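Engineer: Dropping a prediction and its sequence here:
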Amino acid sequence: MKKLIVQNDKCTGCGICMIACGTTYFNDESCETARLKVRKTPEGTFDIQTCVQCDACINICPVNALYRNNDDVVMLDKELCVNCMMCVGFCPHGVMIYSEKCATPFKCVLCGVCAKNCPTGALELKAK
Amino acid sequence: MLKQKPISEFAYLPAKIDRGYANKIVYCNLEHYEINEKMLPQNMKEDFIGGKGFGLKLLWDAVDENTKWDDNDNELIITTGPLSGLTQYPGAGRAILTTLSPLTKLPVDVNVGGYFGPYLKFSGWDGLEIRGKADRDVILFIDGNAGMIRIIDATFVKERDSHILASFLIEKFASSEEDKKSVAILSSGRGAEYANIGTINLAFYDAKRKQVRLRQTGRGGMGTVLRNKRLLAVVVKYNQINNALNHPADLDMVNRLAIKMHKTVARLNQEDSTLSDCGTASIVTLMNENELLPVNNMQYGSHKDAKNIDASILLKKYFKKNMPDGCWYGCSIACTKVVDDFKLKTGPYRGKKVSIDGPEYEILASLGANCGIFQLEAILEMNFYCDTYGIDAASYAMVMAFLMECYERGIINDEFTGDHKLNFGNYRAMLSVLHEMAEGRGLGLIAAIGLEGIKQLLVEEYGEDAGFLDDIAMVQSGLEFGEYMSKESLAQQGSYGLTNKGPQHDQCWMISMDLIQNNLPTLEDKARALKVFPQFRSMFGLFGLCRLPWNHIIPWHDKNKLQMENDPITEQIKDYCNLYEAVTGNKMTLEDMMTASERVSTFQRLFNKRMGKGTSESDIIPYRAMGPVTKNEYLYKQEHYDAQLRNEIKIDPDQYGVEEKIEYLRKYRLQQYQTLMEAVYRLRQWDERGVPTEEKLKKLGLDEPQYLAIIQN
């Protein structure tokens, strides 16, 4: 059982986490395909949006394509997915991702590549 | 899988969908058990777009002015639009059914959700034309993956009622539990074998709920036509669904527009989730508070017990929250709610636990309030039986409301009713009549005729007062009214009266704008709305979309946003044009869209004219839709009516008795309706008879000699 710990106060907005994520899965440094999003707040601080493994996408999915694996991570079964995009629209954190590069939506699977590359410790993958 | 040897079969190479179109129609003639295919002409796409447009044009070509609904030549046509089947956009699971109605004798089209439309298209067909009548019960089976169509002898199938027939057929045609969601069924029920008010159910397997669900085509007697053709069911099977099957010109744009829409719906749900939670049932209380809920055959507009059928009770006791009860993938609105584990108390399935699709507002208002019934469980029971028997609940309820009023007024007696005590509120009697209708006996057989026929029966066979019955029988052109009180809303009167297929609100729904929001203060405003909205709303049927997502994201209870409805140039409406372009690759401006819709609406009016109606005479509605017929109705809103007499008609109400005041009011309101009608005709460029002018036909490209001949007759 793992959990991604986010400490916004340590975030400098460098975006390395997003680049690491996009590069790992899509060889894409644009951040568009990153499964977490770093946003600058009006106050000038940074807000890291990551999947908190809630049930919003599971509940809205009409074909049970979203499920929890044995580690409690919400996963997408691409075979069952009909690409309805409702999970993308209904994710409260905006981190169910759609990209032209992939037929189905995709999300954080807690691989930890973002945390591993974060230079400030704002992201940390910990055992629950 | 069924092992029966087919009566006939047709192997084909499934067309690859190209930018929303399969470019082929399948034609099935049950008279000769013939199956064939037709190419879709390019100009058909340009002129009629799809869905409703295709259905009407195919029907036009199939029939002539003498064709009756039960002739071999009358076709039951199922079509899709270029956007039907998108899994990512809300409300895209639509099929449009078109036929000559046994009730109106006119073309009727209905737009219905479920999996049937998308599976038909993915099987390689933009439409299915069914002509002729079989000599025995048959099933038409389309296997879209294998490229095979079969007509199967169905005499071995004992099931008739939709809820068990659909489950039986899904079991038979699915190769596994997992495969059940690949099967979509179109069927009716045993009631449609006797009743002119038969409806069709579109059944699909909801993988999330692990159960079969039904959607109804509703109005116009579609189920009656289906069973008259001895068609027990149409089954279509297709698997491997994804969002690219329409092969859109710009898939990325389709996806982005869809996500934008989902995000809007998600945001709106956070503000007000009643539509997603309760479906259209959520408006019962609002209608009651505004005296728009029909009560006792539309005599009154509210009732103290309406709270007993309020959506909050459905939500608390009957609906499961957090279930996406959409009727096709990608519908984040998910307004089609489901009542689970409902234990039936009457009829052939007494004691069984069943699921019920809905109930929607129209069900609660029609089977409930308008029959004086405020017991939710009784309404649910009737809702279930109407659906499974293949009976249009709205028509059935309006027939019963009329019979109840006739019974209470002594126009019909116990001998006529077969000892059913048809007082308003007697749901037991109402259920008994429903079961009789399914068995083809007793009063059920009379109710099965439909309201127009019953009215004629009472006048011709029983010598009843035709004038009074014309006033209180809520029927126009043969179709029973929808469930909004239009007495105090001239615009809603026009919405019901000035449509092509009878008094329902598919094309126009003005009640809220006119009466709740007061956004249409002048007669010109109302006339303009009656020009614009039928034109605009037809677009959904052409594209193959549901209208509710649009209604939902322009919340009709929001005054500021509602203003946009009168001038429907909104970002979201433009997005529909963008979506059409993203799928088909054809640019469509808002103006193009309105013209395309107007072309089809005008064509439908011509079709009506061709079939002997479609003039100003058929646009007249019963007086109860316009004002108080009886003393009690007048007294119910005396202050309001007196004020109208004083302020608008300029007579002193204190000088007259109620009956005289009713007459003054009647004269005034009939004149108002006439004035509105004429204004709408002018805006639609129809002549004073309500017939489209030659100039208009030319502008719309409907100037072929066959069309011009219709207006010249």
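Structural biologist: Thanks, I have the structure now. Residues are numbered from 1 along each chain as shown, chains lettered A, B, ... in the order given.
Engineer: CA atoms for contacts and neighbours, from now on please.
Structural biologist: OK.
Engineer: Identify the residue nearest the residue of chain B found nearest chain A in space, chain neighbours excluded?
Structural biologist: Residue of chain B nearest chain A, by C-alpha to the nearest C-alpha: B:Gln88 (3.8 Å). Excluding the flanking residues, the one nearest B:Gln88 by C-alpha to C-alpha, 6 or more residues apart in numbering or on different chains is A:Cys84, at 3.8 Å.
Engineer: now whatever residue of chain A ends up closest to chain B: how far from B:Gly51?
Structural biologist: Nearest residue of chain A to chain B: A:Cys84, at 3.8 Å (C-alpha to the nearest C-alpha). Between A:Cys84 and B:Gly51 the computed distance is 22 Å (C-alpha to C-alpha, to the nearest Å).
Engineer: neighbour-wise, which of those two wins?
Structural biologist: B:Gly51 (34 against 29; other C-alpha atoms under 10 Å in any protein chain shown).
Engineer: That one and B:Leu542 touch, don't they?
Structural biologist: Yes. Counting by C-alpha atoms under 8 Å, B:Gly51 does reach B:Leu542; the two are 4.6 Å apart.
Engineer: Now do the shared contacts for the two.
Structural biologist: B:Gly81 (C-alpha atoms under 8 Å, 6 or more residues apart in numbering or on different chains).
Engineer: Contacts only, for the residue of chain A most remote from its centre.
Structural biologist: Residue distances from the centre of chain A (C-alpha atoms, centre = their mean) peak at A:Glu43, which lies 23.7 Å from the mean C-alpha position. Not one residue lies near A:Glu43 by C-alpha under 8 Å, 6+ apart.
Engineer: How about the secondary structure of it?
Structural biologist: coil (DSSP: H, G, I helix; E, B strand; the rest coil).
Engineer: Output the set of residues of chain A in proximity to chain B.
Structural biologist: A:59-64, A:81-86, A:88-90, A:100 (C-alpha under 8 Å from any C-alpha of the partner chain).
Engineer: mind redoing it with 6 Å?
Structural biologist: A:60, A:62-63, A:82-86, A:89-90, A:100 (C-alpha under 6 Å from any C-alpha of the partner chain).
Engineer: Sitting in helices, which of those do you find?
Structural biologist: Cross-referencing the residues of chain A next to chain B against helices under DSSP state H gives A:60, A:86, A:89-90.
Engineer: coming back round to it: gap between the residue of chain A closest to chain B and A:Leu66?
Structural biologist: 12 Å.
Engineer: what are the ranges of the helices in chain A?
Structural biologist: For chain A, helices defined by DSSP H occupy the ranges A:16-26, A:56-60, A:86-90, A:113-117.
Engineer: what are the C-alpha coordinates of the second one, in PDB please?
Structural biologist: It stands for helix A:56-60. Coordinates of each C-alpha in helix A:56-60 appear next as PDB, following Å, rounded to 0.1, in the frame of the first residue of the first chain:
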ATOM      1  CA  ALA A  56     -15.400  10.000  -8.300                       C
ATOM      2  CA  CYS A  57     -14.200   8.400 -11.500                       C
ATOM      3  CA  ILE A  58     -15.200   4.900 -10.400                       C
ATOM      4  CA  ASN A  59     -18.800   6.100  -9.600                       C
ATOM      5  CA  ILE A  60     -19.300   7.900 -12.900                       C
END
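Engineer: Buried ones in it, by neighbour count?
Structural biologist: Neighbour-count burial for helix A:56-60 flags A:57-60 (criterion: 16 or more other C-alpha atoms under 10 Å in any protein chain shown).
Engineer: still on that earlier bit, out of the helices of chain A, which is the most enclosed?
Structural biologist: For those, the largest average neighbour count (mean count of other C-alpha atoms under 10 Å in any protein chain shown) is found in helix A:86-90, namely a mean of 27.
Engineer: any idea how far that helix is from the chain center?
Structural biologist: Its chain's C-alpha centre and that of helix A:86-90 lie 13 Å apart, by C-alpha atoms, centre = their mean, to the nearest Å.
Engineer: Give me the residues contacting that helix.
Structural biologist: Here helix A:86-90 makes contact (C-alpha atoms under 6 Å, 6 or more residues apart in numbering or on different chains) with A:57, A:96, B:259, B:262-263, B:266.
Engineer: which one of these has the most neighbours?
Structural biologist: Result: B:His262 is most packed of the contacts of helix A:86-90 (other C-alpha under 10 Å), 27 neighbours.
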